[in-house]
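J.: quick one: sequence plus predicted model below, questions after.
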Amino acid sequence: MAHLFSWLILGSLFVALTLPLPSNPQQGEVTFSNFQEQINFGSQITFQVKVTTQDTINQVFLFLEIDQVNILPVTATINKRGEITGSYDANQGFLQPFDRIEYYYKVILKDGRTLESPHHQFEYRDTRFDWQQLSDNHFEVFWYSGGLQFGQELLGVSQDSLASIRRITNRTPSSPVRIYVYETAADLQKALQLTHNTWIAGHANPAGNLILVSISPGTEQRVEMERQLPHELMHIVQFQMAGEESSRLPTWLVEGMASIVELYPNPDYQYVLDNAVQSRSLLSLSSLCSSFPRDAAGAFLAYAESASFMRYIFQNYGQIGISKLIAQYKNGLGCEEGSSAALGQPLSKLETSWQQESLGINTGALVFEKLLPYLFLLALIALPPAVVVFFLLKK
């Protein structure tokens, strides 16, 4: 009989746990249902939820959390039907295309209690295009122009890029990496709301494991894939190596590393380097520590120099040298000091060695050329006294 009584209790408990909750909340209960979000890309996002309660709601709030970092409050209102609505202006500068957004509501009841809704997630997708999708163990690739073969090639080149990145860093991007491919640079720039750097054709959001590139289907598509995909993937790996301190890394290091892993290196880099050497117009590496020039020509030369310099560093110091550079710079050392701490030589001395060995520059002749005006001025100053002394001795 005791066993029968125990089974009856267990059976009753199971039934109680599996029965659906009552559709009409009791006094003090609040339920949220029918979560909706509507994206008008580049304009606004509209949110709505149905709240059911027998209590009086005094205030309602809506909160957005972008890529688990920024929490943004959004103005929300509730109508007589218990529908909470809110809209977020996507032009405020906090949102980037394909950011992952988590949102939730809070309500304050008449008795002062604050209740929070379940959290919901969605992606701030560029709704201007119909995206196609393929994926494997490491990547999710999306594109809207080109057929299935285009997407398969995207996956293949992304996989090939991993080997190139491992050769330099012995690291692999965490999975999955999302890659969105725009047909034109103009489409990408509009999505990113770029108004000045119109030469930009790719963008990485390392915190979101996200890459945006512009590649047009056609005869040059593989070349562009082999150039852009490894470059942007390297930025993902750099973030994994330096974390939130990635912003402390010199720009020549960040972009130089990304350039030397490209499966199809830019053939014009050597041409602009040769021209800069001949015209004595090389940019100093110290000027490329915090940023690159904003004009297209200056930026292109900066990329070419950074790629050549980082290739020199890798050839002479290997993976370990690059890892040491990242470690010292992420710890806050300056451009000159970080190089000294990591490689035993200040940046200026490394720059001289690179120019001599990789660019074939006779730095001694350059020093003499820079000193020539001063030597000439010194001669003009010293010549009159020398002439006077000469004639006095002659007498």
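T.: Alright, I've got the coordinates.
J.: which SSE is immediately downstream of the lowest-mean-pLDDT helix or strand in the chain?
T.: Every helix and strand in the chain was compared by mean pLDDT, DSSP states H and E; the lowest is helix 2-18, with a mean of 37. Toward the C-terminus, helix 2-18 is succeeded by strand 30-40 as the next helix or strand (DSSP states H and E).
J.: and that next one, which strands flank it?
T.: strand 44-53 (antiparallel) (DSSP bridges).
J.: return the set of buried residues in the partner strand.
T.: Counting neighbours by 16 or more other CB atoms under 10 Å, one finds that the buried residues in strand 44-53 are 45, 47-49, 51, 53. The C-beta positions use only the backbone N, C-alpha and C, and glycine is treated the same way.
J.: ok, and what's touching that strand?
T.: 24-25, 29-40, 57, 60, 62, 74, 76, 78, 81-90, 101, 103, 105, 107, 109, 117, 124 (CB atoms under 8 Å, 6 or more residues apart in numbering).
J.: quick revisit: can you tell me which of the buried residues of strand 44-53 is nearest residue 300?
T.: Nearest to residue 300 among the buried residues of strand 44-53, counting by CB to CB, is residue 45 at 36.9 Å.
J.: low-confidence ranges, the stretch 151-300 of the chain, go.
T.: Scanning the stretch 151-300 of the chain for pLDDT under 70 picks out the ranges 194-200.
J.: for residue 140, what is the enclosing helix or strand?
T.: strand 139-143.
J.: what packs against that strand?
T.: Using 3 or more CB pairs under 8 Å, 6 or more residues apart in numbering; DSSP states H and E, the elements in contact with strand 139-143 are strand 132-135, helix 148-169, strand 177-182.
J.: which of the ones you listed is buried the deepest?
T.: Highest mean neighbour count of the helices and strands packed on strand 139-143: strand 177-182, a mean of 25 (counted as mean count of other CB atoms under 10 Å).
J.: list the buried residues for the following helix or strand past that strand?
T.: Next along the chain after strand 177-182, taking DSSP H and E as the criterion, comes helix 185-192. By neighbour count on 16+ other CB under 10 Å, the buried set for helix 185-192 is 185, 187-191.
J.: tell me which residues are up against helix 185-192.
T.: 41-42, 96-97, 126, 129, 182, 198-203, 212-214.
J.: now, those residues that are in helices?
T.: Assignment to helices by DSSP state H places none of the contacts of helix 185-192 there.
J.: which pair in those spans the largest distance?
T.: Pairwise over the contacts of helix 185-192, using CB to CB, the maximum falls at 41 and 199, 23.5 Å.
J.: can you redo the buried residues of helix 185-192 as JSON lines with distance to residue 245?
T.: Converted to JSON lines, the buried residues of helix 185-192 look like this (distance: CB to CB, whole Å):
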{"residue": "185", "distance to residue 245": "30"}
{"residue": "187", "distance to residue 245": "33"}
{"residue": "188", "distance to residue 245": "28"}
{"residue": "189", "distance to residue 245": "28"}
{"residue": "190", "distance to residue 245": "31"}
{"residue": "191", "distance to residue 245": "28"}
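J.: surely residue 63 is in a helix?
T.: No: per DSSP: H, G, I helix; E, B strand; the rest coil, residue 63 lies outside any helix segment and is strand.
J.: ok, it touching residue 70?
T.: No: look at residue 63 against residue 70 with CB atoms under 8 Å: they stay out of range, at 10.5 Å.
J.: looking at the two, which is more packed in?
T.: residue 63 (18 against 12; other CB atoms under 10 Å).
J.: distance-wise, check the more buried one relative to residue 116.
T.: 9 Å (CB to CB, to the nearest Å).
J.: restricting to C-alpha, output stretch 337-349 in PDB.
T.: Taking C-alpha atoms only, stretch 337-349 is exported to PDB below (Å, rounded to 0.1, in the frame of the first residue of the first chain):
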ATOM      1  CA  GLU A 337      59.800  50.500 -27.600                       C
ATOM      2  CA  GLY A 338      57.600  47.500 -28.500                       C
ATOM      3  CA  SER A 339      60.000  46.600 -31.300                       C
ATOM      4  CA  SER A 340      63.000  46.800 -29.000                       C
ATOM      5  CA  ALA A 341      61.400  44.700 -26.400                       C
ATOM      6  CA  ALA A 342      60.200  42.000 -28.800                       C
ATOM      7  CA  LEU A 343      63.100  41.800 -31.300                       C
ATOM      8  CA  GLY A 344      66.000  43.600 -29.600                       C
ATOM      9  CA  GLN A 345      66.000  46.500 -32.100                       C
ATOM     10  CA  PRO A 346      64.100  49.800 -32.200                       C
ATOM     11  CA  LEU A 347      61.700  50.300 -35.100                       C
ATOM     12  CA  SER A 348      64.000  52.900 -36.700                       C
ATOM     13  CA  LYS A 349      66.900  50.400 -36.900                       C
END
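J.: contacts for that stretch, please.
T.: Under CB under 8 Å, 6+ apart, the answer for stretch 337-349 is 250, 285-286, 313, 317, 321, 324-325, 327-329, 333, 335-336, 350, 353.
J.: so which of the buried residues of strand 44-53 is the closest to residue 150?
T.: The closest of those, once distances to residue 150 are taken by CB to CB, is residue 45, at 29.8 Å.
J.: which residues does that closest one bridge with?
T.: Bridge pairing for residue 45 - DSSP bridges - gives residue 39, residue 88.
J.: count of neighbours near residue 339?
T.: 26.
J.: oh, and call the first residue 10 from now on, that's how I've got it
T.: Okay, using 10 as the starting number, the last item reads as residue 348.
J.: buried residues, the host helix or strand of it. List them.
T.: Counting by DSSP H and E, the element that carries residue 348 is helix 344-352. Neighbour counts over helix 344-352 (16+ other CB under 10 Å) mark 344-345, 347-352 as buried.
J.: what of stretch 281-288?
T.: In stretch 281-288, counting by 16+ other CB under 10 Å, buried: 281-282, 285.
J.: if we can go back for a sec, for residue 161, state which of the buried residues of helix 344-352 is nearest.
T.: Closest to residue 161, out of all of those and judged by CB to CB, is residue 351, at 40.8 Å.
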